[in-house]
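> compute the structure for the input listed below.
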Amino acid sequence: MNILRLLAIFFRLGAMNDLQYRANFWIQLVRTAMDLGFALFAVYIVFAQTDHLNGWTSPELVVLMGVWTLMGGLLGVVVQPSMEKLIEDVRQGTLDFTLTKPEDAQLLVSVSQVRVWRLVDVLVGPLVMGAALAYMGKVAGLREVAAFVVALVAGSAILYSFWLMLSTVAFWFVRIENILMIFHSMYDAARWPVTIYPGWLQALLTFVVPVAFAVTVPAEALVGRLSPAWLVGTVVLAGVLLLVSRLFWNIGVRHYSGASA
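Modelled structure (predicted):
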């Protein structure tokens, strides 16, 4: 498949570039450890006062935080840096170099940048989930694992589509960094189950900035709390957003005025 071939090429280029600065590995490791440490300490503080949080036990919350770390790593490896590069290329008028290539332009911009060291989060996330499940004495069955994988893939597609649509706004507005910062804040809120928030915030994190589908839903699948209806809904939403983001991209490109304009 073209996407896998291109991703392999850009991953190799990203690795060659990142390996020049190996200290970044340790910086990323410390950053991941600090983020996870603060998150786990927050769980400890909360559960020092209660036995459950709207039905979630402390090990289940740790599973969710493992999913949050994993999903953040998946985004950080390729989606976030590629979308940031897209915004910069639109601003500078250098997107022409991508649009004139024979490959699909959306595919190229989606994998154009790779930050290899964010793989630390991709590796740490499953370790946290596994440790929490072991502490619970729970062995995820084939059904739970399959639902988790489907939900994780669908959640990744949802966040990718959302990132692409946000980045496409750059075709009309020069500065959109504040919008991206709002997204980061919303994603930080996803380290807790969306069901613990007030109704208006649940709706915001589910239907406006759909981080709930990317973190809470996969975590629920892994611990056996997810209903089939929610899993189907997540897959359907992923398909819809992929189509809508493609439409946004095509409209945005038609409004693009680059260096050759």
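> only C-alpha atoms from now on, for both contacts and neighbour counts.
Will do.
> in stretch 168-187, what's buried?
Within stretch 168-187, the residues that count as buried by 16 or more other Cα atoms under 10 Å are Thr168, Val169, Ala170, Phe171, Phe183, Met186, Tyr187.
> my read: Gly224 touches Glu144, true?
Yes. In this structure, Gly224 is within contact of Glu144 by Cα atoms under 8 Å, at 6.1 Å.
> looking at these two, which is more packed in?
Glu144 (20 against 16; other Cα atoms under 10 Å).
> so the more buried one is in which element?
helix 142-168 (DSSP states H and E).
> helices and strands of this structure: which one has the lowest mean pLDDT?
In the chain, no helix or strand scores lower on mean pLDDT, DSSP states H and E than helix 2-18, which sits at a mean of 72.
> buried sites along that one?
Buried, per 16+ other Cα under 10 Å, within helix 2-18: Leu6, Leu7, Phe10, Phe11, Leu13, Gly14, Asp18.
> now stretch 221-229
Ala221, Leu222, Val223, Gly224, Leu226.
> what's the answer for stretch 142-161, then?
Quick answer for stretch 142-161 (16+ other Cα under 10 Å): 144-145, 147-148, 150-161.
> out of these, who's nearest Trp26?
Distance to Trp26 across these (Cα to Cα) is lowest for Ser156, with 26.1 Å.
> thought Leu70 was touching that closest one, still the case?
No. In this structure Ser156 lies outside contact range of Leu70 using Cα under 8 Å: 10.5 Å.
> confidence score at Ile182?
For Ile182, the pLDDT comes out at 74.
> contacts for the helix or strand hosting it?
Using DSSP H and E, Ile182 maps to helix 177-189. Helix 177-189 is contacted by residues Leu166, Leu205, Val209, Val211 when judged by Cα atoms under 8 Å, 6 or more residues apart in numbering.
> appreciated, that's everything.
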